[in-house]
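Asker: I'll drop the sequence and a predicted model, then ask my questions.
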Amino acid sequence: MLRRPNGNAILTHMSSSAPLLQIENLHASAGDTEIIKGMTLTVERGQIHALMGPNGSGKSTLSYVLMGHPGYQVTSGRILYRGEDITETTPDARGRSGMFLGFQYPEEIPGVSVLNFLRTALSNRTGTDYTVLELRLKVAEAMKDLGMDQSFADRYLNEGFSGGERKRNEILQMTVLEPEMAVLDETDSGLDIDALKTVAEGVQRLHTNDRGFLIITHYQRMLDYITPDIVHIFVDGKVVDTGGPDLAARIEESGYDEYRVGAAG
C-alpha cells in the first residue's frame, strides 16, 4: 500500500485479471452478535448482481462491512477487491480505490453544499484538485443526464430533501465519482416510480464491461427496470440460493418463507 503526497493511503498491486469483488466465507459481527454467517459471492467486471432478502437478514450490515464500517468486526473470511485483500483496509482507502456505497438512509450534512461535497469526494477519488467551476460543469452535465434541476447543486447535502431527492443525490454522486464497484443498499426503498426510473437509468448509464454492481433490495420492483445477471437470496446472514432474473420473479410471488424454514433448520 502506498500513500499520496497528502498522506492518504491508496491500494496497490491490484490485478486487472482478478474478479472485481470476491467475498470468501465472510463472518462479521456487531459486538457479540454475529450477523454475517459465512457469506461467499463473486462479482466479475461488467456484472450486475442483485442480493434479495427479508428484513433483518443482514443485507445492510453486509454493505457496511464491504465498505469497512468500524462498527462491525470481520471475525473470519476475507474481502478481495481487484485481487487485493481489503478486509482490514480503511473506508476512505476503499472509496479512493473505486468502491462506492449508496446508502439506504443518506445522512444530512447541514452547511455543506452538494457541489462542495462532490468536489471534495472527487478530489480524493482521483487525486486531482478540481476548481469549483470545473466541478460545476461536470456536475451540471450529470444533472442534465439525470433530469435534475441545476439549483440542486447549491443545496445543503440532504437537508430538507425528500426521500426521492436523497436517492437521486446518491445516483448523482455515483455518476460523478464513476466507481468501479458500486454497492446500492436498498436504494429503491420508499421511491415512487419516477424516482425509481431515475435510479435505474443512472445504473444503466454507468454499466460498462469494467464496472460491477451489487444491488441490495427487499423487493423485486427495482429489478423491473434493471435486469441483473445473477440474483442471490440472502437469509440469516448467508446466501441460500442463486439463480437468474427468474429467481427474483419467483420471490415476488412466493416470498421468503421456504428459505426461512431452511435457514432455521
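Answerer: Noted; the coordinates are in hand. Numbers count the residues shown, from 1 in each chain.

Asker: number of nearby residues for the nearest residue to residue 91 once chain neighbours are set aside?
Answerer: Nearest non-adjacent residue to residue 91, counting by CB to CB, 6 or more residues apart in numbering: residue 68, 4.1 Å away. The C-beta positions use only the backbone N, C-alpha and C, and glycine is treated the same way. For residue 68, the count of nearby residues is 21 (other CB atoms under 10 Å).

Asker: secondary structure element for residue 68?
Answerer: Counting by DSSP states H and E, there is no helix or strand that carries residue 68.

Asker: okay but it is in contact with residue 89, surely?
Answerer: Yes. Under the criterion of CB atoms under 8 Å, residue 68 makes contact with residue 89 at 6.1 Å.

Asker: I'd like the distance between the residue nearest to residue 91 and residue 257.
Answerer: Computed as CB to CB, to the nearest Å, the residue 68 to residue 257 distance reads 34 Å.

Asker: likewise residue 81?
Answerer: With CB to CB as the criterion, residue 81 and residue 257 are 35 Å apart.

Asker: So these two - more neighbours on which side?
Answerer: The neighbour count for residue 81 versus residue 257, taken as other CB under 10 Å, is higher for residue 81 (24 against 9).

Asker: Ramachandran coordinates for that one?
Answerer: phi -120, psi 120 (degrees, to the nearest 10).

Asker: let's have the chain start at 490 instead
Answerer: All set: I'll call the first residue 490, so the last point we hit is now residue 570.

Asker: Go ahead and confirm it touches residue 585.
Answerer: No. Using CB under 8 Å, residue 570 makes no contact with residue 585, being 11.7 Å away.

Asker: Tell me where the chain has strands.
Answerer: Assigned by DSSP state E, the strands in the chain fall at 491-492, 498-499, 510-519, 522-532, 537-541, 562-570, 573-574, 588-591, 598-602, 645-646, 670-674, 701-706, 719-724, 727-732.

Asker: Which other helices and strands does the fourth one contact?
Answerer: If you count contacts as 3 or more CB pairs under 8 Å, 6 or more residues apart in numbering; DSSP states H and E, strand 522-532 packs onto strand 510-519, strand 537-541, helix 548-555, strand 562-570, strand 701-706, strand 727-732.

Asker: okay, these in CSV with distance to residue 618 next?
Answerer: Below are the helices and strands packed on strand 522-532 laid out as CSV (distance: least, CB to CB, whole Å):
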stretch, distance to residue 618
strand 510-519, 29
strand 537-541, 33
helix 548-555, 28
strand 562-570, 26
strand 701-706, 28
strand 727-732, 42
